[in-house]
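Enquirer: sequence? don't have it. structure:
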């Protein structure tokens, strides 16, 4: 009975230690966020497998960002091209001259001008440089999307692995652990096994339960990573 009390006391101490660690983390968030309210998780970990579409569509933020950069580069090229072309200027004048109050004569004139760039070679070089920048932007866009797709595929593989691992633990190991705990408690109460044997059996049960908790946490982490990469 004394050994059982020691075991319970040890676990109570571990629970207090975990609570203190959680409080310490909450205080760190208060300092980082400069918010006096303590942050608490809205809900516990859940196992909710979902079929996610891992295709990067046109509305993905990364796609939109690089499309905007590419459009800016194209606009710069168009501006550079427009400076090479002759500029036509048209002006219209409508005036009236009165030598006396009864004079109502009006005079209209139209002015047309043509501005031709003198240094066309330098402007052409700017156009070529701008077009080269377009090519670089297209390459960088394709590279960024390729890198993102590789990250998504890796995250999806990890997601599938942790999902399979958690299901295996829940369907196979957890039921066996529950049976092991029941048999160990009953055998210990009836004096069929010693405290050391009971303690070893309960340690195995706790290890299985810890594996289930860790696999569930890893599953949720991988799922959150996928949501982040896919911007869901």
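Expert: Yep, that arrived. All figures in this text were calculated on a predicted structure; none of them were measured in a lab.
Enquirer: Now stretch 213-222: buried residues?
Expert: Neighbour-count burial for stretch 213-222, counted by 16 or more other CB atoms under 10 Å, picks out 215, 216, 218, 219, 220, 222. Where C-beta positions appear, they are placed from N, C-alpha and C, glycine not excepted.
Enquirer: again, but for stretch 205-212
Expert: Neighbour-count burial for stretch 205-212, with 16+ other CB under 10 Å as criterion, is recorded at 205, 208, 209, 211, 212.
Enquirer: for these, which one is nearest residue 50?
Expert: residue 212 (20.0 Å; CB to CB).
Enquirer: A helix includes the closest one, no?
Expert: Yes: assessed with DSSP: H, G, I helix; E, B strand; the rest coil, residue 212 lies in a helix.
Enquirer: That one against residue 172, yeah?
Expert: No: applying CB atoms under 8 Å, one finds residue 212 not in contact with residue 172, separated by 10.8 Å.
Enquirer: what does stretch 166-175 contact?
Expert: Outside stretch 166-175, the residues within contact range by CB atoms under 8 Å, 6 or more residues apart in numbering are 47, 208, 209, 211, 212, 215, 216, 219.
Enquirer: tell me the least confident of those?
Expert: Ranked by pLDDT, those bottom out at residue 47, which scores 66.
Enquirer: Out of the contacts of stretch 166-175, the closest to residue 60 would be?
Expert: Among the contacts of stretch 166-175, and counting by CB to CB, the member closest to residue 60 is residue 219, at 24.0 Å.
Enquirer: Once you drop chain neighbours, what's closest to the closest one?
Expert: residue 162 (4.1 Å; CB to CB, 6 or more residues apart in numbering).
Enquirer: Give me the neighbour count for the one you found.
Expert: 20 (other CB atoms under 10 Å).
Enquirer: quick check, it in a helix?
Expert: Yes: read with three-state DSSP, residue 162 is one of the residues of a helix.
Enquirer: Contact partners for it?
Expert: So residue 162 contacts 215, 218, 219, 222 (CB under 8 Å, 6+ apart).
Enquirer: Now do the helices in this protein.
Expert: Ranges of helices within the chain are 2-33, 61-82, 120-168, 174-189, 195-230, based on DSSP state H.
Enquirer: Comparing those helices, which comes out most buried?
Expert: helix 195-230 (a mean of 16; mean count of other CB atoms under 10 Å).
Enquirer: wait, which of the contacts of stretch 166-175 is closest to residue 183?
Expert: Proximity to residue 183 was ranked across the contacts of stretch 166-175 by CB to CB; first place goes to residue 208, at 14.3 Å.
Enquirer: How much space separates the closest residue to the closest one other than its chain neighbours from residue 210?
Expert: The shortest distance from residue 208 to any residue other than its chain neighbours is 4.2 Å, reached at residue 177 (CB to CB, 6+ apart). Taking CB to CB, to the nearest Å as the measure, residue 177 falls 10 Å from residue 210.
Enquirer: would you turn the buried residues of stretch 205-212 into TSV with distance to residue 24?
Expert: Rendered in TSV, the data for the buried residues of stretch 205-212 read as follows (distance: CB to CB, whole Å):
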residue	distance to residue 24
205	29
208	29
209	24
211	26
212	26
